[in-house]
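> structure for the following, please:
(2 chains)
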There are 2 protein chains.
Amino acid sequence: MGPGPSDIHPRVLNAIGRGTVGHLDPYYLETMNNLQEMLRKVFKTENELTMAISATGSAGMETTVVNVIEPGDKMLVCINGVFGMRMADVAERAGAEVLTVEKPWGEVFTVEDLQPIIEAEQPKVVGIVMAETSTGACQPLEEISQLVHANQGLLLVDAVTSLGGMNVEVDKWGIDIIYSGSQKCLSCPPGLAPVSFSPAAVEVLNNRKTKVRSWYLDLSMLANYWSEDRVYHHTAPINMTYALYEALRVILEEGLDNCFARHKRNHLALQAGLNALGFEYTADPNNQLPMLNAVKIPEGVDDATIRSGLLNRFGIEIGGGLGAFKGQVWRIGIMGHAARQSNVLTFLAALEQLLAENGYEFSAGCSIAAANSAFAHNE
Amino acid sequence: MGPGPSDIHPRVLNAIGRGTVGHLDPYYLETMNNLQEMLRKVFKTENELTMAISATGSAGMETTVVNVIEPGDKMLVCINGVFGMRMADVAERAGAEVLTVEKPWGEVFTVEDLQPIIEAEQPKVVGIVMAETSTGACQPLEEISQLVHANQGLLLVDAVTSLGGMNVEVDKWGIDIIYSGSQKCLSCPPGLAPVSFSPAAVEVLNNRKTKVRSWYLDLSMLANYWSEDRVYHHTAPINMTYALYEALRVILEEGLDNCFARHKRNHLALQAGLNALGFEYTADPNNQLPMLNAVKIPEGVDDATIRSGLLNRFGIEIGGGLGAFKGQVWRIGIMGHAARQSNVLTFLAALEQLLAENGYEFSAGCSIAAANSAFAHNE
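All right, here's what the predicted structure looks like:
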């Protein structure tokens, strides 16, 4: 129950250990086709250039940036947490002229925040994080997408933590470039990064004047392997592909809407429990992610004691704070297969026990009662 | 039995499906330490900076190049097959002033080939492929290493196909920078790239004046995660790490020398069988790799017919030719767990059947007889 990797679905752990075939084996090529088709459903897109990059989510970020940016291109990066900061660093290394706009951690960006700089600077790409895993804030995207397009820019979105756990509408919202990771709400081990590019983004890729700075992540070659030509580029991570394939099957069998509702229901119960204990969330309550619950550690409670107690006595991992939030925040994930009633209740019960042992005062059982009540309300 | 991924050891397929823990879980951190220790044994090095990159072997190439090269640095790349060509491309994207020296495919480089250009140009880095997977040629390294060091350069070696299947002496041969892949003689699925850097190479990394062009592959940050500081960089591919961990355990239990001898013994038998059928190898016979057997497809034999027959009727994958060898060469791998007597004999028997059906003339049973004789000779 940390910020990822999440609990892996048993069917996925079973699939990952199947016999490894070659990366040009007809069976594997068919698996790739089916994987792409399922990724399009989860991204809600018709984008042909939809595939999985052979590395983790951060490489998904690098792939998207390094392929659309040529040295000297202007890229605006919106920063309200660790992953926006990372995106600015990645863009700088890709040779972009990086512009940034910042908001306090936990807050999100409005059209008013971005309009002046976008209109003045006309950046080629605007990068923004949909689900900031360092704060739990959920960034609305539709209006910002309109603003970016009105200024002839491309919208590049980090959906590492959101994909599979809440609605991500690539086509309807006009997202041009998006990346995610396998290890959050997709319930798959880390190691693959789903990406998707709109026709407008593909046109930019096709009209590059310089080589992409990364050979490994160069989509002009990767697309030839993922297309019917099947031109060898690198040896694909076969077993990781089996895992993501099965993970997507599991999600689509449940149905995306059911899956999102399950994340929401478990989040509301967890939130009720944490609020009953007096914990405050770090993100603006109007923009709270369901799958990532970042709460301030109350005064007098020792971060390491509670987290190591959860891990060593209960087998429960939660995440500590990142960057500016280090030592001040816990990040509790309800991602994918971890978004289960039994997980929420076990976690709250364990937390109550550890808090009581460490002298934190609260009404015993209050978090379980609140969570159960929330579950009853949101069935 | 293609050029990789190889057959995966059953213990490795079992390990990869174990429960996914967090990338900062104490259990995982200990696994990383043990993995590093085992990698040092397989690389035969004391190098502290020895680790696995979270992507496939080609990303290992990119990692080594992009970290030691700053824009404008001279890098000499030795090209005698596809992977030397790739290295030159990677170096160019990293901003290197790329110099190349070429030999016909299948041949290897001598000190005499390289001395003039190295002495004249004094490149910062000399990149060379130890086991050229496109040709089967095995590049001797010791004398070239002395030449490079006499000219104050760093030697960068591609050991993707050789590591685990033949002797690779990083410290003794004076290799400064080396990379490999998990999916060849280590009998692990593709997805990780072992790398190692000598103290001299680390000094170069520490004295960089510019940021590494790739955020994902930047060793200054990766080393902080693999060191005791455990600074979060990206979410490691946990289950792939389990697999490589177990694969290294399997190899070290067998013993490196036993493992190399097994590769050699099976190679000699395969070679005897293929020679009996009249097949010619593409590489110089004095420098033939044991694990990668590239042979010319005889006139009148159809590439696709035989390869699809092997795959569809016998479940045996072999590789086609790459680049200049496309359609003209087969590449038969005896890598890791695939280097077994039963594999060699089954393959030859299947090949004989398919060749006979397709009108190729040979003395029936000759390849099996030759292979059995070689096995008897080399017990």
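
> check contacts around A:Trp173.
A:Trp173 sits next to A:Leu141, A:Glu142, A:Ser145 when contact means C-beta atoms under 8 Å, 6 or more residues apart in numbering or on different chains. Backbone N, C-alpha and C define where each C-beta goes, glycine included.

> and what of A:Glu62?
Under the criterion of C-beta under 8 Å, 6+ apart, the contact list for A:Glu62 reads A:Val90, A:Ala94, A:Ser214, A:Leu217, B:Ser214, B:Trp215, B:Tyr216.

> hang on, the earlier thing: now, which of the contacts of A:Trp173 sits nearest B:Glu228?
A:Leu141 (40.0 Å; C-beta to C-beta).

> once you drop chain neighbours, what's closest to the closest one?
Leaving aside its sequence neighbours, A:Leu141 sits nearest to A:Trp173 (C-beta to C-beta, 6 or more residues apart in numbering or on different chains; 5.2 Å).

> from chain B, how far out is the one you found?
26 Å (C-beta to the nearest C-beta, to the nearest Å).

> pLDDT score for that residue?
Per-residue pLDDT puts A:Trp173 at 98.

> that one and A:Ala201: what is the separation?
Using C-beta to C-beta, to the nearest Å, A:Trp173 is found at 14 Å from A:Ala201.

> can you give me the helices in chain A?
Remark: helices assigned in chain A by DSSP state H are A:10-16, A:26-43, A:57-68, A:82-93, A:111-121, A:142-150, A:170-173, A:199-206, A:219-226, A:238-254, A:256-276, A:303-314, A:341-357, A:366-377.

> how about residues contacting the last one?
Yep, that's helix A:366-377 we're talking about. Applying C-beta under 8 Å, 6+ apart, the contact partners of helix A:366-377 are A:265, A:268-277, A:341, A:344-345, A:348-349, A:351-352.

> export stretch A:328-339 to PDB, keeping only CA atoms.
Presented in PDB, the C-alpha positions along stretch A:328-339 are these (Å, rounded to 0.1, in the frame of the first residue of the first chain):
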ATOM      1  CA  GLN A 328       6.500  15.000   7.200                       C
ATOM      2  CA  VAL A 329       4.100  13.000   5.100                       C
ATOM      3  CA  TRP A 330       2.900   9.400   4.600                       C
ATOM      4  CA  ARG A 331       1.800   8.200   1.200                       C
ATOM      5  CA  ILE A 332      -0.800   5.400   1.300                       C
ATOM      6  CA  GLY A 333      -1.600   3.800  -2.000                       C
ATOM      7  CA  ILE A 334      -4.800   2.100  -3.000                       C
ATOM      8  CA  MET A 335      -3.700   1.100  -6.400                       C
ATOM      9  CA  GLY A 336      -5.100  -1.600  -8.600                       C
ATOM     10  CA  HIS A 337      -5.300  -4.900  -6.800                       C
ATOM     11  CA  ALA A 338      -4.500  -3.100  -3.500                       C
ATOM     12  CA  ALA A 339      -7.800  -1.200  -3.700                       C
END
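
> for A:Thr50, which non-adjacent residue is closest in space?
Per C-beta to C-beta, 6+ apart, closest to A:Thr50 is A:Ser196, 4.1 Å.

> that should have said A:Tyr360, apologies.
Nearest non-adjacent residue to A:Tyr360, counting by C-beta to C-beta, 6+ apart: A:Val301, 5.5 Å away.

> pLDDT score for the one you found?
On the pLDDT scale, A:Val301 is placed at 95.

> check the one 5 residues further on too.
Looking at A:Ile306, its pLDDT reads 98.

> enumerate every residue touching it.
A:Ile306 is in contact with A:Ile297, A:Trp330, A:Leu351, A:Leu354, A:Leu355, A:Asn358, counting by C-beta under 8 Å, 6+ apart.

> quickly check those residues for the two that are furthest apart.
With distances taken as C-beta to C-beta, the most widely separated pair in these is A:Trp330 and A:Asn358, at 13.9 Å.

> which one's more surrounded, these two?
A:Trp330 (25 against 13; other C-beta atoms under 10 Å in any protein chain shown).

> buried ones in stretch A:218-231?
For stretch A:218-231, the neighbour count (16 or more other C-beta atoms under 10 Å in any protein chain shown) marks A:Asp218, A:Leu219, A:Met221, A:Leu222, A:Ala223, A:Tyr225, A:Trp226 as buried.

> how distant is it from the center of its chain?
From the chain centre to the centre of stretch A:218-231 is a distance of 25 Å (C-alpha atoms, centre = their mean, to the nearest Å).

> count of residues packed around A:Lys44?
17.

> and for A:Glu30?
10.

> also A:Ala150?
Neighbour count for A:Ala150, taken as other C-beta under 10 Å: 11.

> so who does it touch?
Contact analysis of A:Ala150 by C-beta under 8 Å, 6+ apart lists nothing.

> buried ones in stretch A:231-243?
Neighbour-count burial for stretch A:231-243 flags A:Tyr232, A:His233, A:His234, A:Thr235, A:Ala236, A:Pro237, A:Ile238, A:Asn239, A:Met240, A:Thr241, A:Tyr242, A:Ala243 (criterion: 16+ other C-beta under 10 Å).

> which of these come close to chain B?
A:Tyr232, A:His233, A:His234, A:Thr235, A:Ala236, A:Pro237, A:Ile238, A:Asn239, A:Met240, A:Ala243 (C-beta under 8 Å from any C-beta of the partner chain).

> which residues of the stretch 1-150 of chain A score low on pLDDT?
Applying pLDDT under 70 to the stretch 1-150 of chain A flags no residue at all.

> so A:Glu92 touches B:Lys211, yeah?
Yes. A:Glu92 is within contact range of B:Lys211, at 7.3 Å (criterion: C-beta atoms under 8 Å).

> neighbour count: the two, which is higher?
The residue with more neighbours, out of A:Glu92 and B:Lys211, is A:Glu92; 17 against 13, by other C-beta under 10 Å.

> any idea how far chain B is from the more buried one?
According to C-beta to the nearest C-beta, A:Glu92 and chain B sit 7 Å apart.

> can you tell me, leaving aside adjacent residues, what's nearest to that residue?
Once flanking residues are discounted, A:Glu92 sits nearest to A:Val98: 5.0 Å by C-beta to C-beta, 6+ apart.

> surely the one you found touches A:Ala91?
Yes. Between A:Val98 and A:Ala91 there is a contact under C-beta under 8 Å: 4.9 Å.

> please identify which of these two sits among more neighbours.
Neighbours per residue, other C-beta under 10 Å: of A:Val98 and A:Ala91, the larger number sits with A:Ala91, 29 against 21.

> residues contacting the more buried one?
Taking C-beta under 8 Å, 6+ apart, we find A:Ala91 in contact with A:Val65, A:Ile69, A:Met75, A:Val77, A:Val98, A:Val125, A:Gly127.
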